[in-house]
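[1] predicted coordinates and the sequence they were generated for:
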Amino acid sequence: MAFSLSDGQDDVTRFWREEKEKGAIYNVYLKKVTYHTLSDLDQSKGHLMWETQKIRVVKAGTLEKLVESLVTVKGELDSTYVNVFLATYRTFATPLQVLEILIKRYKWLEKDSTDHEERKENNENQQKTFKSVISVWMDTYPDDFRDYPDYKCLKVLEAFSHQFIPDSDLELRARHKIEKFEREAVSNSDGDIKFQFSIVDEVDSMIDSEYQKPLEFLDIPNNRLAEQLTFKDAELFKRVIPNHCLGAVWARRDRKLGKGGNIAPSVLATIDQFNRVSLRVIATILRTRELKSSLRAKILQKWIDIAQELRQQKNFSSLKAIISGLQSHSVYRLKRTWASLPKESIDLFQELADIFSNDNNQILSRELLMKEATAKFPDLDSNNKILQRRNLQKRRSWIENGIVQGTVPYLGTFLTDLTMIDTAIPDRTECGLINFEKRRKEFEVLAQIKLLQSAAQIYHFQEDKHIWAWFDSVRVFDENECHDLSCIIEPIKEGPARLKKKSASYSSLLKVVNFGDNLGTRPARPEGSKLSLLSCGLDNSSVYNSSITDSPSQGVSLMSHSSSTSSLLSCDSDTTISSPFRSPDTCVVRVRFESGPESDTHVYKSIMLKNIDHTHTVIDKVLEKYSKKGPAGNYCLLQVLSDGGKEEGELLIPDKGNVFYAMNKSDGSEPVFVVRTRQDQEARTQHRKRGRRKLKNWSL
């Protein structure tokens, strides 16, 4: 009797129970499989039958058990499990450790076949599958074997293949990989050599080359600049290595730095470009002090129009960068400039800013990204009738011309998701086993990144070096410079009463600059978050080295890790009350360590706060996150209080207080804490007291 699967019936899988064995925990599911029984005599007749199959899925285990599970007991390849394991194993093991366990398992199967003849066939099937796993690993993640200069993994694999699998191509492939990597290493080394020419040679070259008049920002067509930003963003996003985005790789400072001192360089390159765009948005608006408000408004309006072009190209990365620049405090406060904009531009800006609203864990930007990820072109909508007509005309043009747009996401959404997963879910179970369920959750995010990387392949823009020459020539400013320029353009108007209410020194006013993450009406008051792409857990030096190379000063606080699944810049993680990482007994909070009174950066990390955590416990967690040493008693913990996203003050948590219940939750925003030395805190307190006395004298 023959069998065939039924096309009309869906298989049903339900959780049954949890099973434990030495070194592993499994979730067991029962799967109802339907099929037809076909009569040997009459193939047209049969009966619909079903059976229940038992499926075991690894929930947690030792490293050895997790590696062994790459091949089922029957010698089959579980492609889903293999994909999850190979994408995430670097968070709990090294490539050499995994390879050695694979080889050890292969050798054990070889010996078991000799001792037990009845198991030989099944063992050989498992061995063949293990070879397939190694081949898939080498093809999918070649950089795991690029351990320059020893290439130990490849040499171990080559020796093993030569001895145990002489007929396999693994030995030859390992040898070719070594030769290829060695050639590339030499080539890269040669590329580092810089030849110095005399000034005469440079002048001759300038004379021979065709002269091109330097571009002016207002003369660059909006669509051309948008296309160039999309070209750059797409190229960088396609090069992002998804496993570099994992929270354990990206956000933890205790990870060893790779070659060149960079953590996750493919991610840092995307962050750097994001910040470069935001800084130039601010610089072009502020750099000419003498401009009239109407002329400055034209620059602001041009950036809004470019942002709309990016929206049409489905480039959410530079779109977010431009919106962040326009929402920066130094630009936002220019009331006369914003008042000079036409209503259509204000409405358009509001609609674009609303895409990245932090409401409900940034659900709008998530839904929009998933909806348009693989769509041919964006689904533009507007409440403004003029914008509606423009969008309709644009849509008709795309359909008539057969235009298909790719997609570049805002990487901060995924980085923050992965950072929050890493913070909220433990690496190991209570019995010390590796928590593989956590890796499955991480893989779901990595799979979305891979899907969008394929969508980014659709773009076919060409690089315009003339535009990038202009882009690189724009002089950018740090926070204090931006604030000073903004105050020169539109001076601060405050009376004595206003000064008394603020009770803050002018120096602190210059230092604390809000970069809004979402605007509202004129635009509306920013919700908060600093102008920061996403250092997402990098230390200050890493942020400066990777992100502010354009800046003439290192005072700008770019890329801070807030916490909301949508922030590249600050990993923009301003998670709201609806965050899935919050419960009645726990919540994920942002923390910042300030090394001294001059520390004005906003590099945030996330920790899990429990309802049993006291002040010294939280301080210890923060010190561990920032790889700092010293007794908790030398530090104090303060909660940053905010009003509409703007930092308004600090709440000192008592030394013996329960932080979970002591923190202020009245504004409904995500709690933010700062740890600083007691000496620094005392100096700040004295400074504020002196400032109040001065303000009192001024008011008199």
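    Alright, I've got the coordinates.
[2] Met138 and Leu172 touch, don't they?
    No: using CB atoms under 8 Å, Met138 makes no contact with Leu172, being 11.8 Å away. Quick note: C-beta positions are derived from backbone N, CA and C, even for glycine.
[3] neighbour count: those two, which is higher?
    Met138 (18 against 12; other CB atoms under 10 Å).
[4] now do the contacts for that one.
    Phe145, Arg173, Lys177 (CB atoms under 8 Å, 6 or more residues apart in numbering).
[5] for Gln639, pull up the helix or strand it's in.
    strand 635-643 (DSSP states H and E).
[6] ok now that strand, how far from the chain's centre?
    26 Å (CA atoms, centre = their mean, to the nearest Å).
[7] for it, enumerate the helices and strands it packs against.
    helix 615-625, strand 646-652, strand 672-677, helix 678-699 (3 or more CB pairs under 8 Å, 6 or more residues apart in numbering; DSSP states H and E).
[8] what does that strand rub up against?
    So strand 635-643 is contacted by 528, 615, 618-619, 622-623, 647-653, 655, 659, 663-664, 667, 669, 671-678, 681 (CB under 8 Å, 6+ apart).
[9] quick one, helices of the stretch 201-350 of the chain?
    Ranges of helices in the stretch 201-350 of the chain, per DSSP state H, counting those that start in this stretch, are 222-239, 247-250, 265-286, 293-312, 316-326, 329-332, 335-339, 343-354.
[10] packed most tightly, which of those would that be?
    Across those, averaging neighbours per residue (mean count of other CB atoms under 10 Å) puts helix 316-326 on top, at a mean of 27.
[11] what angle sits between it and helix 343-354?
    120 degrees (axes from the mean of the first three to the mean of the last three CA atoms, to 10 degrees).
[12] start the count at 18, not 1, going forward
    All right, first residue 18 from here; so that's helix 333-343.
[13] can you give me the angle helix 333-343 makes with helix 239-256?
    Going by the same axes, to 10 degrees, helix 333-343 makes 120 degrees with helix 239-256.
[14] CA-only coordinates of helix 333-343 in CSV, if you can.
    Presented in CSV, the C-alpha positions along helix 333-343 are these (Å, rounded to 0.1, in the frame of the first residue of the first chain):
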residue,chain,number,x,y,z
PHE,A,333,14.3,54.7,6.2
SER,A,334,17.9,55.1,7.4
SER,A,335,18.8,58.5,6.0
LEU,A,336,15.1,59.5,6.4
LYS,A,337,15.5,59.0,10.1
ALA,A,338,18.9,60.7,10.1
ILE,A,339,17.4,63.9,8.5
ILE,A,340,14.4,63.9,10.8
SER,A,341,16.8,63.5,13.8
GLY,A,342,18.9,66.5,12.6
LEU,A,343,15.8,68.7,12.1
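[15] can you name every helix or strand that it contacts?
    helix 239-256, helix 282-303, helix 310-329, helix 360-371.
[16] in terms of mean pLDDT, which of these ranks lowest?
    If those are sorted by mean pLDDT, helix 360-371 sits at the bottom with a mean of 90.
[17] list the helices and strands that one packs on?
    helix 310-329, helix 333-343, helix 402-418.
[18] redo those as JSON lines? Include distance to Glu134.
    Formatted as JSON lines, those follow (distance: least, CB to CB, whole Å):
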{"stretch": "helix 310-329", "distance to Glu134": "67"}
{"stretch": "helix 333-343", "distance to Glu134": "60"}
{"stretch": "helix 402-418", "distance to Glu134": "67"}
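[19] out of these, which is closest to Asp167?
    helix 333-343 (37.4 Å; CB to CB).
[20] for the record, mean pLDDT for that closest one?
    Helix 333-343 carries an average pLDDT of 94.
[21] gap between the two ends of stretch 79-96?
    With CA to CA, to the nearest Å as the measure, the ends of stretch 79-96 fall 20 Å from one another.
[22] what sits up against it?
    In contact with stretch 79-96 (CB under 8 Å, 6+ apart) are residues 40-41, 75, 78, 98-99, 102, 106, 109-110, 114-115, 118-119, 122, 139-143, 145-147, 149-150, 450-451, 453.
[23] out of these, which sit inside helices?
    98-99, 102, 114-115, 118-119, 122, 139-143, 145-147, 149-150, 453 (DSSP state H).
[24] ok, back up a step: and the helices and strands packed on strand 652-660, which is most packed in?
    When the helices and strands packed on strand 652-660 are compared using mean count of other CB under 10 Å, strand 689-694 is most buried, at a mean of 21.
[25] neighbouring strands - and their directions - for that strand?
    strand 603-610 (parallel), strand 652-660 (antiparallel) (DSSP bridges).
[26] got the angle for the shortest one vs helix 632-642?
    Angle between the axes of strand 603-610 and helix 632-642 is 60 degrees (criterion: the same axes, to 10 degrees).
[27] tell me the mean pLDDT for strand 603-610?
    85.
[28] over to the last one?
    For strand 652-660, the mean pLDDT works out to 85.
[29] okay, buried residues for that strand please.
    For strand 652-660, the neighbour count (16 or more other CB atoms under 10 Å) marks Tyr652, Cys653, Leu654, Leu655, Gln656, Val657, Leu658, Ser659 as buried.
[30] quick one, grab the pLDDT at the residue nearest the centre of the chain.
    Geometric centre of the chain, nearest residue: Leu432, 2.4 Å, by CA atoms, centre = their mean. pLDDT for Leu432: 89.
[31] helix 333-343 and the helix or strand where it lies, what's the angle between them?
    Secondary structure assignment for Leu432, by DSSP H and E: helix 429-441. For helix 429-441 against helix 333-343, the angle by the same axes, to 10 degrees is 90 degrees.
[32] and helix 429-441, what does it pack against?
    helix 264-267, helix 376-389, helix 453-472, strand 603-610, strand 622-627.
[33] let's go with 6 Å and repeat that
    Helix 429-441 sits against helix 264-267, helix 453-472, strand 622-627, with contacts defined as 3 or more CB pairs under 6 Å, 6 or more residues apart in numbering; DSSP states H and E.
[34] between helix 376-389 and it, find me the angle.
    130 degrees.
[35] please name the nearest non-neighbouring residue to Leu246.
    Ser335 (4.2 Å; CB to CB, 6 or more residues apart in numbering).
[36] could you do Ala472 as well?
    Thr424 (4.2 Å).
[37] how about that neighbour, phi and psi?
    Dihedral pair for Thr424: phi -140, psi 130, per degrees, to the nearest 10.
[38] if I look at Ser152, how far off is Ser295?
    43 Å (CB to CB, to the nearest Å).
[39] since that was my last question, I'll sign off now.
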